[in-house]
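Participant: need a structure here:
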Amino acid sequence: MEIQPYILIGGNSTRFGTDKATFEFEGEMLAARAARTAEEALPKTQARFVSKAADTFLGRPVIADVYADRGAAGAIHAALANASAPWIFILACDLPLAGRDLIAKLSTFIEEEHGCVVPVQPDGRWQPLCAFYHVDMCLKRFEMAIAGADRNQSLRSIAEHVEPRLVEFSEYSDIPDSRRLLTNVNTLADLDNI
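Facilitator: I've put the predicted structure just below:
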């Protein structure tokens with residue numbers, strides 16, 4: 001099955017204090033790390049970045065948001081609108097520990113009756129920024145959510161409408177260091193702590 005990976009790099013990074021995408025972690029920019037990880041987990045694919053403006057970055061294409069200032073939902077919508085494969089994989093660059101083993105494991109839960117495959121963190125929260133989305137089932141739902149009157153829907157509320165396959169923590173807890181895999185880096189202190 002063909003899956004296109006998209007890396008979200010267009011956040012404002014206000015709490016981080018500098019552009020997260022270009023910040024180095026373990027000798028590699030967060031954006032480069034996310035793209036490499038997705039490409040290793042999903043062989044024969046090239047990751048594309050999603051940001052506020054189209055360009056190229058790190059030798060890869062950058063897809064621009066279709067609707068400006070719609071946050072992560074707008075970025076996922078842009079990826080869905082750009083995709084030529086039936087499924088996409090979304091990874092935010094600020095999830096530096098989401099490795100290829102996790103991504104490969106999540107991909108085994110892809111089934112046509114589900115609109116997305118979303119891991120559940122150890123604390124019970126969904127992590128829709130390290131997830132697979134079925135293009136035909138999700139594009140219209142995301143379009144409605146970001147272009148309609150209710151533009152403040154959470155990613156979880158959007159995903160709830162497309163028959164999500166939730167991957168519980170117990171289903172990927174066999175991966176080494178599994179409790180930290182979905183650690184989100186919002187501040188420099190968060191990065192220091194991991």
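
Participant: only C-alpha atoms for contact and neighbour calcs from this point on.
Facilitator: Fine.

Participant: help me confirm that Arg70 comes into contact with Gly148.
Facilitator: No. In terms of CA atoms under 8 Å, Arg70 does not count as a neighbour of Gly148; the distance is 11.4 Å.

Participant: what about those two, which has more around it?
Facilitator: A side-by-side neighbour count of Arg70 and Gly148, using other CA atoms under 10 Å, places Arg70 first with 18 against 10.

Participant: what residues are up against the residue nearest to Asn82 when sequence neighbours are not counted?
Facilitator: In space, and not counting its chain neighbours, Asn82 is closest to Ile63: 7.5 Å by CA to CA, 6 or more residues apart in numbering. Residues in contact with Ile63 (CA atoms under 8 Å, 6 or more residues apart in numbering) are 48-51, 53-55, 78-79, 82.

Participant: what of Asp136?
Facilitator: Remark: with contacts taken as CA under 8 Å, 6+ apart, Asp136 is in contact with Pro86.

Participant: mind listing residues that contact the one helix or strand Arg33 maps to?
Facilitator: Secondary structure here is read from DSSP states H and E; on that basis Arg33 sits in helix 30-41. Identification of contacts with helix 30-41 by CA under 8 Å, 6+ apart yields 5-7, 9, 20-24, 45-48, 58, 91-96, 99-101, 103-104.

Participant: least trustworthy helix or strand in the protein by mean pLDDT?
Facilitator: Within the chain, judged by mean pLDDT, DSSP states H and E, the helix or strand with the poorest mean is helix 188-193; its value is a mean of 62.

Participant: direction included, what does the helix or strand where the residue nearest to Asn82 lies pair up with?
Facilitator: Of the helices and strands defined by DSSP H and E, Ile63 is found in strand 60-64. According to DSSP bridges, strand 60-64 forms sheet pairs with strand 48-51 (parallel), strand 55-57 (antiparallel).

Participant: can I get those in JSON lines including distance to Val135?
Facilitator: Output for those, formatted as JSON lines (distance: least, CA to CA, whole Å):
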{"stretch": "strand 48-51", "distance to Val135": "16"}
{"stretch": "strand 55-57", "distance to Val135": "23"}
